[in-house]
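fold the following, please.
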Amino acid sequence: MPLDAICLAGVRKELSEQVSGHKIDKVHQPERDVVILSLRGRALQSHLLISAGSGDMRVHLTRHRFDNPASPHMFCMLLRKHLTGARIVEIIQPGSERILEFSLEAYDAMGVNSRKYLIVELIGRSSNIILTDGDRLIIDCLRRVGGEFSSLDKRAVLPGLIYRRPPAQEGKTDPLTTTSEQWQALYKAPDGTTVDKWLLSAFTGLSPLICRELSWRAYANADVRMGEVSDGGEALQHEFLKLTELASSGVFEPWAIMGQDNRPHDFSYTRIMQYEGVFEVKPEEGFSVMLDGFYTKKAQLARINQRATTIVKTVKTARDRLVRKLAAQKAELEATANRGYLRECGDIITANLHIISKGQSVLHAQDFFSDKAEMRTITLDPRKTPQQNAAKYYKNYTKARNAERFLTDQILHAEKELQYLESVIDETGLAGDEHDLREIRHELVHTGYLKQQKQSKPDKSGAARLVPMQFESSTGISILAGKNNMQNDKLTLKTAAKSDIWLHTQKIHGSHVIISCGGATPDETTLKEAAAIAAYYSSARSEGKVPVDYTHVKHVKKMAGGRPGMVVYTSYKTIIAVPDEALVKRLQVKNN
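This is a model prediction of the structure:
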């Protein structure tokens, strides 16, 4: 959710306790919209992150380290001039606004102690970071707003002007000052409006998430319509006032909402119950811990997605080119099926040399290859002798025969290569972090689909740490699974013992899974759970039931001339498995 006004109040309360009295030691601006203030005080050092990006606006302490640009931004240089050595006196939030004002004591150019304000406006596309003096005269700002005002921010924000706060939202009420009587006067809306939409339109400082949550708490339905409410809004009023009373008294609880594969989904200052059973809702140590983890993970996933998209695009380009080449080769192979006719024409010409004269363009002769002794018409080259025409047909026959053998081998190789490229696309979709993508990139460099990037030090990460995923069955048996082709190769051909059990989805791209049973026969529970892991980490993850083959590792061999991860196996049995995400996550060893 966006950092709404009440959640920001929780952030302000926490920061006031943590950084009030601290001095600004250094100022950095690693990105266009991000400013980092290095703070020192009480024998502690911390880093305050201020982001004015429209998609990730927030203020919190961070443990994340950013790379600074080679040349600092002009705004960063100005902040260093005015804020280095300044002490944070207090942090102010005006009303239920998404604005924080850092009141600072700093020395001016004449060495006189003076007051300055660093104002952080977190209002969507109009988010800004503004530095003013003690009289609220703007020294400079991250984004300058000139003469033509947008509909979102009808004011000028320029150096030399008096700072004015953004205009209040018209027709909306501050939820933290709303009384029971005011609520009753406001509670009017068309029947077609949902409860959450009415709350969003009537009050400032509430996010869509909180509006849906209030609807859920009151009526166990986040999408209930006003016309369906039978109690005159009493339950909604009760939940609304209970939430705002807690916020007014400074009671805030940071909660993170995590989606599939521990992906950040949302966060709040109160426990969110509408998602329980669908997403994981867990309390956090503090707002800075919550926001730092949420946005760091979100940025990491964005980078992973961007790099994965680049890899997939490269592989799909190679795959599409191979598909076109394979289609052309199959068409050529189909044409060679007529080669017997060419040899027969050569034989018929040879048998009729005595009746053919040079310059003749057509031969009509008895077809002794036909059961009905029909006549065959054969086209001749009038520029060639009869013997040369016969030799031409024999030569074309030999070329077609050789082409069949050559094209058959090429098509077989291309089909294997096509399977390999499809497996790389699938494994890229399973990549969980940047290390997984580095391994896939290393694999593509190794197989010649990508060029080695120029860098000062060779990247050995992809080759050195081919560590498979680790699981433990319900009966305590170790299970290993590769997450890409290079891991699969090492796991199956080098790491696993010959007596271990090997599993793989039948004729479907996926991970190699090993049951490390030390030569013993694995119990039925372990076998089913290992098969579920193989099904989950395959391209059939979304299917209901998936056939999984299993055999001893000694029966698995590297495919001759095959790409990484491509094997052949014998003496196998098949088990039907269900890709169960909850089971897989429960069995996975957490410190892997």
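
make it CA atoms for all contacts and neighbour counts henceforth
Fine.

break this protein into its domains for me.
Structural domains annotated on the chain: 5-141, 175-285, 338-410, 468-587, as defined by automatic domain parsing.

need these in JSON lines (columns: distance to residue 301, mean pLDDT and mean neighbour count).
Converted to JSON lines, those look like this (distance: least, Cα to Cα, whole Å; pLDDT from 0 to 100; neighbours: other Cα atoms under 10 Å):
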{"stretch": "domain 5-141", "distance to residue 301": "14", "mean pLDDT": "91", "mean neighbour count": "19"}
{"stretch": "domain 175-285", "distance to residue 301": "8", "mean pLDDT": "89", "mean neighbour count": "17"}
{"stretch": "domain 338-410", "distance to residue 301": "40", "mean pLDDT": "90", "mean neighbour count": "16"}
{"stretch": "domain 468-587", "distance to residue 301": "18", "mean pLDDT": "92", "mean neighbour count": "20"}
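
quick one, which of those is nearest to residue 432?
domain 175-285 (8.1 Å; Cα to Cα).

about what we covered before: out of the domains of the chain, nearest to residue 319?
Closest approach to residue 319 among the domains of the chain (Cα to Cα): domain 468-587, 14.4 Å.

could you pull out the strands for the stretch 301-450 of the chain?
Taking DSSP state E, counting those that start in this stretch to define them, one finds strands in the stretch 301-450 of the chain at 362-366, 375-379.

okay, those in TSV with distance to residue 269 next?
Below are the strands of the stretch 301-450 of the chain laid out as TSV (distance: least, Cα to Cα, whole Å):
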stretch	distance to residue 269
strand 362-366	92
strand 375-379	88
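
separation between the closest residue to residue 572 other than its chain neighbours and residue 538?
Nearest residue to residue 572, sequence neighbours excluded (Cα to Cα, 6 or more residues apart in numbering): residue 551, at 4.6 Å. Distance from residue 551 to residue 538, counting by Cα to Cα, to the nearest Å: 18 Å.

verify the stated contact: residue 267 with residue 259.
No: contact criterion Cα atoms under 8 Å: residue 267 and residue 259 do not qualify, at 11.4 Å.

overlap in contacts, these two.
By Cα atoms under 8 Å, 6 or more residues apart in numbering, residue 267 and residue 259 have no common neighbours.

circling back to that earlier point, surely the residue nearest to residue 572 is in a strand?
Yes: assigned with DSSP: H, G, I helix; E, B strand; the rest coil, residue 551 falls within a strand.

who does it bridge with?
Taking DSSP bridges as the rule, residue 551 bridges to residue 502.

shouldn't it be in contact with residue 501?
Yes: at 5.7 Å, residue 551 counts as touching residue 501 under the criterion of Cα under 8 Å.

can you redo the domains of the chain as TSV with distance to residue 318?
Formatted as TSV, the domains of the chain follow (distance: least, Cα to Cα, whole Å):
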stretch	distance to residue 318
domain 5-141	34
domain 175-285	30
domain 338-410	16
domain 468-587	15
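
for residue 424, find the nearest of the ones you listed.
Smallest distance to residue 424 across the domains of the chain (Cα to Cα): 7.5 Å, for domain 468-587.

span of that closest one from start to end?
Domain 468-587 end-to-end distance (Cα to Cα) = 14 Å.

do stretch 558-568 as well
Stretch 558-568 has an end-to-end distance of 6 Å (Cα to Cα).

got the contact list for that stretch?
416-417, 420, 447, 484-489, 493, 556-557.

closest to residue 34 out of the residues you listed?
residue 484 (35.7 Å).

now the closest one: closest residue in space, sequence neighbours ignored.
Using Cα to Cα, 6+ apart and skipping the chain neighbours, the partner closest in space to residue 484 is residue 427 (5.5 Å).

grab the most central residue of this structure for me.
Central residue of the chain (Cα atoms, centre = their mean): residue 305, 3.6 Å from the mean position.

how close does that residue get to residue 319?
In terms of Cα to Cα, residue 305 sits 20 Å off from residue 319.

on that earlier part again, any chance of the contacts of stretch 558-568 in TSV, plus distance to residue 212?
Written out in TSV, the entries for the contacts of stretch 558-568 read as follows (distance: Cα to Cα, whole Å):
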residue	distance to residue 212
416	52
417	50
420	46
447	51
484	41
485	44
486	46
487	45
488	45
489	49
493	53
556	54
557	56
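
before we move on, which element is residue 533 in?
Secondary structure assignment for residue 533, by DSSP states H and E: helix 524-536.

just checking, what packs against that helix?
Counting contacts by 3 or more Cα pairs under 8 Å, 6 or more residues apart in numbering; DSSP states H and E, helix 524-536 packs against strand 478-481, strand 501-505, strand 513-516, strand 546-552, strand 573-577, helix 581-587.

noted, bye for now.
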